[in-house]
Every structure is written in structure tokens, then in C-alpha cells.
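> model this:
(2 chains)
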Amino acid sequence: MTTAADPLPAVRLEKVGVRFQLPAERIVSFKEYVLRRLSGRIGHRELWALRELDLDVHTGETLGVIGRNGAGKSTLLKVISRVLRPTSGRVVVRGRTAPLLELGAGFHFDLTGRENVFLNATLFGYSRDLVARNLDAIVAFAELEDFIDLPIRNYSNGMLARLGFAVATQFRPDILILDEILAVGDTGFQEKCLDRIERFRDQGTSILLVSHDLDRVAESCERVAWIEHGRLVALGPPAEILDRYRRGFAAAAS
Amino acid sequence: MQQTREQAEASGTSLREARAASVNRELPVYDSAKQPHPFLEEWQELWRYRDLVFQWSGRNIKLRYKRSALGVLWTLLEPLMLMLILTVVFSTVFRPMEAFPVYLLAGLILFDFFNRSTLLIVEEIIVSQSLAERVHVPRSAFAVAAVLTYLTHWAIAHVPLIAIMIYFGRPFSWSLLSLPFGMLLAAMFALGVGLVVATLGAFFHDIRLTYQVLLTGWFYATPVIYPLDVVPEHLQVYFRLNPMYLLLRLVRLPVYDGVMPSAGLWAAGFAVSFSTLMIGWWTFTRWRNAFDYRS
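Numbers count the residues shown, from 1 in each chain, chains lettered A, B, ... in the order given. I've put the predicted structure just below:
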């Protein structure tokens, strides 16, 4: 069932490769660059963060992505959220993505909560009008009605996180990208966040969850993709993949 | 939620399929294989993020005023004080020019705009790099916002300029209405130059300092604090080739001389500004990806 071809996947990656060019030495001055260029001493080391990766995220599913540090998980998320363009292959994303990686992007401490909501939301590509119409709902969700016109330098970390989460999730995305465990505010608010994500899921949002917490992956995902050295090692039901992954670790340890 | 689940159970399909069926299929699609050339893609994305441009320049203006006690007044005082100092110094060096402060201030506020906006572009492009590594955002939006920020300051600086025009009894003519167009050309030119310097600046740390020195040189090489006719005649042709002098004449003729710049001057100004903008846009969009993959 899970491997059946999906005619309209939320995300489709076809033989995706992403190459980084790491300078062999760090050249930071223009003078140095010119001198080295003239003497022909400019080296690059190539690193393929993703290679020939084929992967579909079905509409409405929660897909877990596991792998060791440096396996290419973050690069995968970046390619899907359009932060990076693939060097080779093709990425098709149907609908709007919301990465919950960067809560409160562009926040400035000298500006009020209200001003920051507009900055943060337009940075995610929402129009000013849309934000203005939803401002009350955002503020209410963040539980900051009494503080919204104060500069956010007076906010606690919990308040900042609540505001960031409220803006990022005010509008239901088609693809939600979650990196590691969401720790937003106190337990009460945390539950509210999870409820909201759960509601998105029931309305057809696909979720990509990258986590090192294998138990959480097992409990919330329908499928799991295991990535190693930029390649897809295995894809399938959580129980099977996680079991292989754990055994792989045990083998490596012994 | 419950409803979807019930439907799924009733029809015997999987929950996932039921969810998928409930999703609107008319969604915007991003296909990396069908993306236009970065030159056009950046433009499309900038248009989509146009509200960010206004929010971001609004932020820059608010922050500037929140930090200084004099607020908006400071924007007006700064060029005026520089004008006073330069008037005192230079009217003793050069032969006296009629209504010299008007002549001077018109040029000072152009250079003030150009210096500040291009330097802010360089700074914003470098600062936004870490943001753009995590969020999809057209970084040209920050560059356009930088220009818009100082375009606003430049517009406000016309209040004291008009005040001293009245003081010195300069003629007011319809040609003043052409000022916004001259300013727009200067904005295009600044954006183009800023993007080139910012692109280089993202690779090399010494570019910014070099550019600052260059700006000072450029200021003195442009007839801002002196009239062109103090320059030896055989050198004047080179001074006329300076694009900043071209733009300066477009915004100073209506203010100081009370005349409309000629059609030829407008055409030259447009050609220079537009081609500089295209070069800047090309440079930025061509190399923008290169910094992303360097990490």
C-alpha cells in the first residue's frame, strides 16, 4: 500500500543530488583571491550531501526521516523548502511548505510584538493584508494580548517561542517540516501546539519529521526514510526500518 | 478529523487516502526542473514577497528613529550641518557661487542617499545569508528595502532643501515635478551598484572597506562641492562621463537652475541606470547560489 505509485504526491524527489563546494582553503580577501587565481592555486573539495535520492511524500502522510548527523537530513529539508536548489535531479512540491525550523525569523528586539508579527509573517511570504486580518487570532493563540504592543526585548523566551509558533502556524500549510522535538513554552502551550499540528494532519497536511528520537518517530509516523551518506538506505513502515536502523548501530558498535 | 476517519472506515480505504482525497488538488506547484533562469526567478519571487520589502524598509526607518533622540529631525539636520560647514569652508576657497548652499545641498543629499543605500545593501545581503540558509526568501527584497529606506530619507531631506531655496529666492518651476523621476533613476543605479558590491562582498571581506574608500573618491570626483567649470576644460569630458554626475544634474537642475533637464539627459540617465541595474541583478542572481553551496 505504501509503495503504490502516488499520482499526486505532496513532495516528489527524483534522483536528487546536492553538491557543495568546500573551499580547500578559506580565502577571505579579494587581493588574496586574485593572487591565487593568477598562480592557479584555487582548490575545491566536492561534497555530495544528497545523491540520486528518490523519495515521495504522499499527501496527508507523516514521514519520518532518520539518519546519523551529517547524513543529509537537513539538506533534504532545505531542498524541499526551496532553500537550496538541487544540483541534479528534480524536486516537485505541491502546495505551501511551512518549516518550523526557524521560529521568529527576522524578530527584532527593539520592535513591538505586533510589528514583529508583520515582519516575521511577510518573511514567510504572507501578504500584509492577510496578516492584518488574522492578527487577533495570532495574538490570541500566543496568549500575548496584554503584551503585544511592548518591545519584545521584554518578552521571556517562552513568550517569544509562543509568538513565533503562532505566526508560523496561523495558516495551514500543505507540507509541514518539523526538525527535532518541538519545545515551545510550558507544557500547556506545548499541548496546544501539538493539537494544532494534529488538526493540520487531519485536514490533509503532509508532515516531514526529522528526529533522533526514534520512539517519537515510531509513534507518529506512517513511514520512515533512512538516509545515510546522502542516499536513501531504506524506506518503509516504522517498525521494520527502525529495527534495521537500531541493528545497524549495534553492528557498528561491536 | 473524526469525520475523515469515519469516511475512511466506511469506504474501506486507508486513512491516508481519505485525507489525500479531501485535499484541494488546485495547489501551487514548485517544480525545480521548471524554474525559470535565476535572473527571472529572483524577480518573480521578489514580486511575490513585495510586502516584505515594505515591511523591511519600514522596520529600518523605525529602528533608525527609535535609536536617536531627535528622531526624524536628525535626518533633516545631518545634511544641513554638513552643508553649513562646507559652505563656510568652500566659499572662501572657490570664487563665490550664487546661492551656493542650494547647489551644495542638492548634491549632498544625493550622495548621502547613494552612500547609505549601497552600504546598507552590502550589509543586508551579508546578514541575510544565515537567514536564507533556513527560510526560503528572495534576498533581493532586503536590497530593495535598503534603497527604499534611504529613498524615504532623501524625500524628507527635500523639506530643508526647499526651505533654503525659498531663503535664497531660487525660482520655483514646474521642473520640480520631475524630481521623483530623477530620484527613481538614482534608486535604480544604487540598487545595481549595491548588488554588485554586495555579491563581491559576500565572498571577500576586504571589498566593503575598499568600496568605502572608493565612495569618498567618487564624491570628490563629482562636481558636488564645486562647479564643473573649475575643472580644466580638457578634463571636463571625463567628469561628464561619471554616471553620478549625470544623475546629479537630473536632480539638481530643477532645484538650483529651475530648468527641466533635456530629453537627451533623461535618456542618458535612464540608459545608465537601467543597464547598471541589469548588471547588478545578473551578478547577484548568477552568484547568489554560489554562496549557498559553499558553507
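
> only C-alpha atoms for contact and neighbour calcs from this point on.
Will do.

> hang on, A:Leu208 in a helix?
No: secondary structure of A:Leu208 (DSSP: H, G, I helix; E, B strand; the rest coil): strand, not part of a helix.

> what is the neighbour count of it?
22 (other CA atoms under 10 Å in any protein chain shown).

> B:Leu177 too?
B:Leu177: 11 neighbours (other CA under 10 Å).

> what about it, distance to B:Met260?
9 Å (CA to CA, to the nearest Å).

> what's the weakest-modelled helix or strand in chain A?
Least confident helix or strand, chain A: helix A:30-38 with a mean of 71, by mean pLDDT, DSSP states H and E.

> mind listing what's buried in that one?
Buried residues in helix A:30-38, counted by 16 or more other CA atoms under 10 Å in any protein chain shown: A:Phe30, A:Tyr33.

> quick one: list the elements packing against the next helix or strand after that helix.
Going down the chain from helix A:30-38, the next helix or strand is strand A:44-57, by DSSP states H and E. With contacts taken as 3 or more CA pairs under 8 Å, 6 or more residues apart in numbering or on different chains; DSSP states H and E, strand A:44-57 sits against strand A:11-23, helix A:73-80, strand A:231-236.

> what mean pLDDT does strand A:44-57 get?
In this model, strand A:44-57 has a mean pLDDT of 89.

> partner strands of it, parallel or antiparallel?
Next to strand A:44-57 in the sheet, as set by DSSP bridges, lie strand A:11-23 (antiparallel).

> chain center to the strand it pairs with, what's the gap?
16 Å (CA atoms, centre = their mean, to the nearest Å).

> so where's chain B uncertain?
With pLDDT under 70 as the threshold, chain B has low-confidence stretches at B:1-25, B:67, B:69, B:94-95, B:289-295.

> scan it for its longest helix.
Determined from DSSP state H, the single longest helix within chain B is helix B:100-132.

> that one - contacts with which helices or strands?
In terms of contacts (3+ CA pairs under 8 Å, 6+ apart), helix B:100-132 is packed against helix B:72-93, helix B:140-167, helix B:179-203, helix B:207-221, helix B:243-252.

> give me the angle between it and helix B:72-93.
Between helix B:100-132 and helix B:72-93, the angle comes out at 130 degrees (axes from the mean of the first three to the mean of the last three CA atoms, to 10 degrees).

> now do helix B:100-132: distance to the chain's middle.
7 Å.

> so for that helix, what gets flagged as buried?
Neighbour-count burial for helix B:100-132 flags B:100-126, B:128, B:131-132 (criterion: 16+ other CA under 10 Å).

> and stretch B:150-164, by the same measure?
Residues of stretch B:150-164 classed as buried by neighbour count (16+ other CA under 10 Å): B:Tyr150, B:Leu151, B:His153, B:Trp154, B:Ala157, B:His158, B:Pro160, B:Leu161, B:Ile162, B:Ile164.

> ignoring the adjacent residues along the chain, who's closest to the last one?
To tie it back to what came earlier, the one meant is B:Ile164. The spatially closest residue to B:Ile164, leaving aside those adjacent along the chain, is B:Val102, at 6.5 Å (CA to CA, 6 or more residues apart in numbering or on different chains).

> let me see the contact set for the one you found.
Contacts for B:Val102 were tallied using CA atoms under 8 Å, 6 or more residues apart in numbering or on different chains; they are B:Leu161, B:Ile164, B:Met165, B:Phe168, B:Val255, B:Tyr256.

> surely the last one meets B:Tyr103?
Yes: contact status for B:Tyr256 versus B:Tyr103: in contact at 5.7 Å, counting by CA atoms under 8 Å.

> then stretch B:192-201 to PDB, C-alphas only?
Extracted C-alpha coordinates of stretch B:192-201, given in PDB (Å, rounded to 0.1, in the frame of the first residue of the first chain):
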ATOM      1  CA  GLY B 192      22.600  47.900  -9.400                       C
ATOM      2  CA  VAL B 193      25.800  49.200  -7.800                       C
ATOM      3  CA  GLY B 194      24.900  47.800  -4.400                       C
ATOM      4  CA  LEU B 195      24.100  44.400  -5.700                       C
ATOM      5  CA  VAL B 196      27.500  44.100  -7.500                       C
ATOM      6  CA  VAL B 197      29.400  45.200  -4.400                       C
ATOM      7  CA  ALA B 198      27.300  43.000  -2.100                       C
ATOM      8  CA  THR B 199      27.900  40.000  -4.300                       C
ATOM      9  CA  LEU B 200      31.600  40.600  -4.200                       C
ATOM     10  CA  GLY B 201      31.400  41.400  -0.500                       C
END
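
> how big is the angle separating the least confident helix or strand of chain A from helix B:179-203?
Going by the same axes, to 10 degrees, helix A:30-38 makes 60 degrees with helix B:179-203.

> helix A:30-38 and chain B, are they touching?
Yes: counting by CA under 8 Å from any CA of the partner chain, contacts between helix A:30-38 and chain B involve A:Phe30.

> how far off centre is that helix?
Between the centre of helix A:30-38 and the centre of its chain there are 38 Å (CA atoms, centre = their mean).

> that helix vs helix B:207-221, what angle?
Helix A:30-38 and helix B:207-221 meet at an angle of 110 degrees, taking the same axes, to 10 degrees as the criterion.

> interface residues of the stretch 51-200 of chain A facing chain B?
Residues of the stretch 51-200 of chain A lying close to chain B (CA under 8 Å from any CA) are A:58-61, A:78, A:81-86, A:89-96, A:99, A:101-102, A:105-106, A:110-111, A:118-119, A:122-128, A:199.

> give me the subset of those residues lying in helices.
In this view, those that belong to helices under DSSP H are A:Lys78, A:Phe118, A:Leu119, A:Thr122, A:Leu123, A:Arg128, A:Arg199.

> burial of A:Phe249, as a residue count?
12.

> got a pLDDT number for it?
A:Phe249 is assigned 73 on the pLDDT scale.

> need the phi and psi values for it.
Phi and psi for A:Phe249, reported as degrees, to the nearest 10, are phi -70, psi -40.

> got any ranges where the stretch 101-250 of chain A has weak pLDDT?
For the stretch 101-250 of chain A, the stretches with pLDDT under 70 are A:180-185.

> strands of that one, start to end?
Assigned by DSSP state E, counting those that start in this stretch, the strands in the stretch 101-250 of chain A fall at A:175-179, A:206-210, A:223-228, A:231-236.

> right, so these: which one is the most enclosed?
Across the strands of the stretch 101-250 of chain A, averaging neighbours per residue (mean count of other CA atoms under 10 Å in any protein chain shown) puts strand A:206-210 on top, at a mean of 25.

> show residues contacting it.
The contact list for strand A:206-210 (CA under 8 Å, 6+ apart) reads A:10, A:57-66, A:73, A:174-180, A:201, A:217, A:221.
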